[in-house]
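Student: prediction below, plus the sequence it came from.
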Amino acid sequence: MPSSRGSRPLPHQEVVRRATQQYASLHPKLRVAAEEAVDLVVGILDDAGLNYLTVTGRAKSVESFADKAGRLRDGTPVYPDPMSDIGDVIGLRVITYVRSDVAAVAQLLATEAVVLDDRDMGSETASEGRWGYASRHLQIQLSAEDRKAHPKIGDRHVQVQIRTVLQHAWAEFEHDIRYKGTVPDEYRSDFDRRFSLAAGLLELADLEFSAIRERLQRPVHAPSSGDPEVDPRIDPRELAAFLAGQYADASWSRPEHYAWMSGLVLELGITSLTELADAIRSIDVADVDRRMGYRNPPGAVRRLDDVLLVAFGERYIDLHDNSHRVDRLKTRLAKMKSAG
């Protein structure tokens, strides 16, 4: 849009004005596309059983677009063709609990979409010998086949930022102070030092969170059954510990997914970890993974979900708590059978 064919280049201000006008007309559709993108990513993460805190998204506001479109560097437009050059008009943010889940989310999205760009901002900062902003930024686009299923997103580019909750806290506070507030010159160097120190401390905290996660995933013995509880389900916390021992390479799943899986197990008539272990003992987990074609180990709950699907087949699909995903389960079961 910088100029019409055969005409002189438009002044930068006019380019920005026209681009902003065009963007404003598209903004309602972009907001709908952003909502669909959030639902899509949530579905992908939940189906894989990955643990995360939140998934949020937005279409860049018209004001923010205009501000970005007008940026100059050394007197030269940063975005000569704003409508094509600004790649984060649809932006998603996935917040995880630990650093290993950041990589797991990025790897999963790479299997489900076309990755146009992948930047590890934390590694870039570390390569400069300092602490600071840490986040994984993916620029993705749906495959041609998936665009048909998600026409509101279509071929639009979507930026996905993935970071831990601690990295997110640092980034939000730092952005609020540096870019939304006014830092007096006499405070600038002191603030730089303090933000750097905070980033280093948070990195240590992230490492400790990861160590706690790894400790929880070590094999444990199933607890002996005690007095019967009113709730006949296997306690979700005990199920989580059991699965950590069964599938040591699996990533942690969301807390509510363990509770949901405990309900499914009860529907199968299984009320103890001993019964569950007996029910799945004959299933070759490595063979299930091979049939499913996983590039990365699925989450613990997803792995048990696959195993129960193989062990119980149609009976598992027909459980009440599976009523919202019957078609998906049938597709997965057919995939496992055809891959045999």
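Tutor: Cool, the structure landed. Residues are numbered from 1 along each chain as shown.
Student: count of neighbours near Met292?
Tutor: 15 (other CB atoms under 10 Å). Just so you know, the C-beta spots here come from the backbone N, C-alpha and C atoms, and that holds for glycine as well.
Student: pLDDT score assigned to it?
Tutor: Note on Met292: pLDDT of 87.
Student: hang on, it packs against Thr331?
Tutor: No - if you go by CB atoms under 8 Å, Met292 and Thr331 don't touch, sitting 11.2 Å apart.
Student: and the lowest-mean-pLDDT helix or strand in the chain, which residues are buried?
Tutor: Using mean pLDDT, DSSP states H and E, the weakest-scoring helix or strand in the chain turns out to be helix 121-127, at a mean of 77. The neighbour-count check on helix 121-127 (16 or more other CB atoms under 10 Å) flags 121-122, 125 as buried.
Student: same question, stretch 243-256
Tutor: In stretch 243-256, counting by 16+ other CB under 10 Å, buried: 243-244, 246-247, 250-254.
Student: against which helices or strands is the longest helix seen in the chain packed?
Tutor: With DSSP state H applied, the helix covering the greatest number of residues in the chain is identified as helix 12-48. Under the contact criterion of 3 or more CB pairs under 8 Å, 6 or more residues apart in numbering; DSSP states H and E, helix 12-48 touches strand 54-59, helix 62-69, helix 82-85, strand 90-96, helix 99-112.
Student: name the nearest of the buried residues of helix 121-127 relative to Asp155.
Tutor: Within these, the smallest distance to Asp155 is 25.8 Å, found for Met121 (CB to CB).
Student: spatially nearest residue to that closest one (excluding sequence neighbours)?
Tutor: Ser135 (4.8 Å; CB to CB, 6 or more residues apart in numbering).
Student: OK, contacts around the one you found?
Tutor: Neighbour list for Ser135: 121-122, 161-163, 167, 171 [criterion: CB atoms under 8 Å, 6 or more residues apart in numbering].
Student: find me the pLDDT at it, would you?
Tutor: What the model reports for Ser135 is a pLDDT of 87.
Student: one step back: list the buried residues in the longest helix of the chain.
Tutor: Buried-residue list, helix 12-48, by 16+ other CB under 10 Å: 12, 15-16, 18-20, 23, 26-27, 30-31, 33-38, 40-42, 44-48.
Student: ok, now stretch 53-68?
Tutor: Residues 55, 57-60, 62, 65-66, 68 are the ones in stretch 53-68 that count as buried (16+ other CB under 10 Å).
Student: from those residues, which single one is nearest Pro297?
Tutor: Val55 (20.8 Å).
Student: so what sits opposite the closest one in the bridge?
Tutor: Val94 (DSSP bridges).
Student: now the strand or helix carrying Val301: mean pLDDT?
Tutor: In the assignment (DSSP states H and E), Val301 maps to helix 300-312. Taken as a whole, helix 300-312 has a mean pLDDT of 94.
Student: put the alpha carbons of the first helix or strand past that helix going along the chain into PDB.
Tutor: Using DSSP H and E, the helix or strand that follows helix 300-312 in sequence is helix 314-317. What follows is helix 314-317, C-alpha atoms only, in PDB (Å, rounded to 0.1, in the frame of the first residue of the first chain):
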ATOM      1  CA  GLU A 314     -16.400 -48.400  22.600                       C
ATOM      2  CA  ARG A 315     -17.300 -48.800  26.200                       C
ATOM      3  CA  TYR A 316     -14.900 -46.000  27.100                       C
ATOM      4  CA  ILE A 317     -16.200 -43.800  24.300                       C
END
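Student: may I see the buried residues of whichever helix or strand comes after helix 314-317?
Tutor: Counting by DSSP H and E, the element after helix 314-317 in chain order, helix or strand, is helix 326-338. Residues of helix 326-338 classed as buried by neighbour count (16+ other CB under 10 Å): 329, 332-333, 336.
Student: packing partners for helix 326-338?
Tutor: helix 285-292, helix 300-312, helix 314-317.
Student: the second one packs against which elements?
Tutor: This means helix 300-312. Using 3+ CB pairs under 8 Å, 6+ apart: helix 300-312 touches helix 236-246, helix 255-267, helix 273-280, helix 285-292, helix 314-317, helix 326-338.
Student: now distance to Asp74 too, for these, in TSV please.
Tutor: Below are these laid out as TSV (distance: least, CB to CB, whole Å):
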stretch	distance to Asp74
helix 236-246	54
helix 255-267	50
helix 273-280	63
helix 285-292	52
helix 314-317	62
helix 326-338	52
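Student: who wins for proximity to Ile90 among those helices?
Tutor: Among these, helix 326-338 comes nearest to Ile90, with 25.3 Å by CB to CB.
Student: what mean pLDDT would you report for that closest one?
Tutor: Averaging pLDDT along helix 326-338 gives 89.
Student: stretch 44-57 too?
Tutor: 88.
Student: need the residues that contact it.
Tutor: For stretch 44-57, the surrounding residues in contact (CB under 8 Å, 6+ apart) are 34-35, 37-38, 41-42, 90-97, 101, 104-105, 108-109, 112, 165, 250-254, 257, 298-303, 305, 328.
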